[in-house]
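[1] Okay, predicted coordinates and the sequence, questions at the end:
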Amino acid sequence: MRDGFTIAVSEAKHVAQIAKRTILSTNAVAVLAPILEDTVGWQRLRIREFFDSYGFLIQEWDRVRTDWLTLRAAESDWQQQAASAN
């Protein structure tokens, strides 16, 4: 039997270290990062591409003892064209 993969998710900077990984983010989708990295075995570049394919850009990914991801919505082509037309 395998040990569980416990992940703590919070917006707070001070979270008790009870989990194998802790994610600090304002976006719940960020919890996928340690799962894809540790369980699935993906490298960070592939994880970034995965998030990007669903419209999320990993703007920051700082890792000390805690993964801290900042995600933002990617601009669609029509939004970029509208912005450049102004």
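    Arrived safely.

[2] what comes up buried for stretch 22-34?
    The neighbour-count criterion (16 or more other C-beta atoms under 10 Å) identifies 22, 23, 24, 25, 27, 30, 31, 32, 33, 34 as the buried residues of stretch 22-34. The C-beta positions use only the backbone N, C-alpha and C, and glycine is treated the same way.

[3] how about the nearest residue to the last one, chain neighbours excluded?
    Going back to what we said before, that points to residue 34. Residue nearest to residue 34 in three dimensions, not counting chain neighbours: residue 21, with 4.0 Å by C-beta to C-beta, 6 or more residues apart in numbering.

[4] my read: the one you found touches residue 38, true?
    Yes. Between residue 21 and residue 38 a contact is recorded at 6.9 Å, counting by C-beta atoms under 8 Å.

[5] Which residues are in contact with residue 51?
    With contact set as C-beta atoms under 8 Å, 6 or more residues apart in numbering, residue 51 has these partners: 29, 32, 57, 58, 71.

[6] Ok, residue 73 next?
    With contact set as C-beta under 8 Å, 6+ apart, residue 73 has these partners: 55, 56, 57.

[7] Please determine how far it is located from residue 54.
    With the distance defined as C-beta to C-beta, to the nearest Å, residue 73 ends up 10 Å from residue 54.

[8] Could you check the pLDDT of residue 64?
    Looking at residue 64, its pLDDT is 62.

[9] Please apply the same query to residue 43.
    95.

[10] From residue 21, how far out is the nearest residue to it once chain neighbours are set aside?
    Once its chain neighbours are removed from consideration, residue 43 has its nearest residue in residue 37; the separation is 7.8 Å (C-beta to C-beta, 6+ apart). Applying C-beta to C-beta, one obtains 9 Å for the distance of residue 37 from residue 21.

[11] again, but for residue 62
    Using C-beta to C-beta, we find residue 62 at a distance of 14 Å from residue 21.

[12] neighbour-wise, which of the two wins?
    Legend: neighbour count by other C-beta atoms under 10 Å for residue 62 and residue 21, higher for residue 21 (19 against 10).

[13] wait, what's in contact with the nearest residue to residue 76 once chain neighbours are set aside?
    Distances taken as C-beta to C-beta, 6+ apart place residue 55 nearest to residue 76, at 7.9 Å, with adjacent residues excluded. Contact partners of residue 55, counting by C-beta under 8 Å, 6+ apart, are 73, 74, 76.
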